[in-house]
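A.B. asks: Pasting a predicted model and its sequence here:
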Amino acid sequence: MRRLASMLLLAALAAAPALAQTTFPARPVKLVVAFPPGGSTDVTARLIAPKLAEKWGQPVVVENRPGAAANIGTAYVARSPADGHTMLLATTAIAISASVYDKLGYDAQKDLAPVTFVSAIPNILVVHPSVPATTVQEFVGYAKANPGKLNFAAPGAASGQRMAFELIKQLTGTDVVMIAYKGGAPALQAVLSGEVHAMIVNVVEAVPHVQAGKLRALATTTAKRAAMLPQVPTLAETVAPAIDVSVWQGLMVPAGTPADVIRRINADVRDVLGDPEIRERLTAMGMDVRPGSPDEFGRFVRDEIATWAGVAKQADIKPE
């Protein structure tokens, strides 16, 4: 009898991992957005959450935890149980924070595990029509001939837009002065009014102003041209061959989440992103939807952190 009991116990222990695989999700899942409601990350989360809920038979609740340059929501997920029931829709902010801040309360590469890349939105270098440059080559030439005369608006001294412009400056050897504003809206308004010469904005924000003639689009920051502004060349094909910068989104979970759970989430999210309706909605927002494997996304995040760390060090960018 003792031998039989031992055999049954061993069989039960051996079956435990298999049982764990079949119980995800065992309860409602949180999809954390580290920004206020209404932005592109929030919209993406609210598009995919209901589809995942249908697949999983459990509610998938979008939870907004904004603040501290997206670090409040990110730290919350990093400290959550590693079981797949708390996910983060991460963005470019996670790589920039890792490059700029010394104390975050989490380590993006040690405390979070990559699941899948979701999408990328191209940035556009725009200028006020009064700037004496109709091409990005002319802009760079003018900036080199007049160091410190041109300026650019940024929604914060450590924002993604500021980092992207600093990278352009470093790759082209130009001196353009940063003017910081408290948010994207006042920064963009400053360029529209002619108070500031230039800015990096995402393609969705740029399009209506470019079409109205209020801004001049000089170049796209991604390696390929933006579908919404196909006539605008890329920086890579003009003045900065090495550049490929976007506003990206990707899914992450707490480090230590079982590999089978990560594979399940990855497969289901990729399936949702392949839904024609979801893809059409995201594409209409200027997004290039391109999910991949956890390893691919992990390498991407590591490369992003390394890139922005180098930019921040050379530009002496400090936390706000």
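C.D. replies: Now that the structure is in, tell me what you want to look at. Predicted model only: the values in this text are computed from it and were never measured.

A.B. asks: can you list the domains in this protein?
C.D. replies: Domain segmentation of the chain under automatic domain parsing yields 28-120+246-315, 122-220.

A.B. asks: show me what contacts residue 188?
C.D. replies: 153, 199, 201, 205, 209 (C-beta atoms under 8 Å, 6 or more residues apart in numbering). Any C-beta I mention is one placed from the backbone N, CA and C, and that applies to glycine too.

A.B. asks: Out of those residues, give me the one that has the most neighbours.
C.D. replies: Of all the contacts of residue 188, residue 199 has the most neighbours under the rule other C-beta atoms under 10 Å, reaching 30 neighbours.

A.B. asks: Surely it is in contact with residue 151?
C.D. replies: No - if you go by C-beta atoms under 8 Å, residue 199 and residue 151 don't touch, sitting 9.7 Å apart.

A.B. asks: For this structure, give me the ranges with low pLDDT.
C.D. replies: Along the chain, segments meeting pLDDT under 70 span 1-22, 320.

A.B. asks: Relative to the longest strand anywhere in it, what are the paired strands and their orientations?
C.D. replies: Scanning the chain for the strand with the most residues, using DSSP state E, yields strand 112-127. Partners of strand 112-127 in the sheet, by DSSP bridges, are strand 198-202 (antiparallel), strand 216-220 (antiparallel), strand 246-254 (antiparallel), strand 288-289 (antiparallel).

A.B. asks: sorry, back to before: any idea which of the contacts of residue 188 is the one closest to residue 139?
C.D. replies: residue 199 (12.4 Å; C-beta to C-beta).

A.B. asks: I'd like the distance between that closest one and residue 293.
C.D. replies: 35 Å (C-beta to C-beta, to the nearest Å).

A.B. asks: All the helices of the chain, residue numbers only.
C.D. replies: 2-22, 40-56, 71-78, 92-100, 136-145, 160-172, 184-192, 203-211, 259-273, 276-284, 294-315 (DSSP state H).

A.B. asks: So for residue 238, which of the ones you listed sits nearest?
C.D. replies: helix 136-145 (5.1 Å).

A.B. asks: Compute the inter-axis angle for the closest one and strand 198-202.
C.D. replies: 140 degrees (axes from the mean of the first three to the mean of the last three C-alpha atoms, to 10 degrees).

A.B. asks: Look up the closest residue to residue 167, ignoring the ones flanking it.
C.D. replies: Closest residue to residue 167 apart from its sequence neighbours, by C-beta to C-beta, 6 or more residues apart in numbering: residue 311 at 5.1 Å.

A.B. asks: again with residue 204
C.D. replies: Looking at residue 204 with C-beta to C-beta, 6+ apart, the closest residue is residue 286, at 4.2 Å.

A.B. asks: Confirm for me that that neighbour is in contact with residue 226.
C.D. replies: Yes - the pair residue 286 / residue 226 is scored as a contact, 7.1 Å apart, by C-beta under 8 Å.

A.B. asks: returning to what we had before: would you turn the helices of the chain into TSV with distance to residue 33?
C.D. replies: TSV is the format used below for the helices of the chain (distance: least, C-beta to C-beta, whole Å):
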stretch	distance to residue 33
helix 2-22	28
helix 40-56	5
helix 71-78	7
helix 92-100	11
helix 136-145	33
helix 160-172	16
helix 184-192	17
helix 203-211	18
helix 259-273	15
helix 276-284	15
helix 294-315	18
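
A.B. asks: Relative to residue 128, which of the ones you listed is closest?
C.D. replies: Closest among the helices of the chain, using C-beta to C-beta: helix 184-192, at 5.6 Å.

A.B. asks: how near is residue 117 to residue 293?
C.D. replies: 9 Å.

A.B. asks: neighbours around residue 109, how many?
C.D. replies: Using other C-beta under 10 Å, residue 109 has 16 neighbouring residues.

A.B. asks: Also residue 159?
C.D. replies: 24.

A.B. asks: quick one, what contacts the closest residue to it other than its chain neighbours?
C.D. replies: Leaving aside its sequence neighbours, residue 159 sits nearest to residue 96 (C-beta to C-beta, 6+ apart; 7.8 Å). Residue 96 makes contacts with 69, 158-160, 163, 308, 312, as judged by C-beta under 8 Å, 6+ apart.
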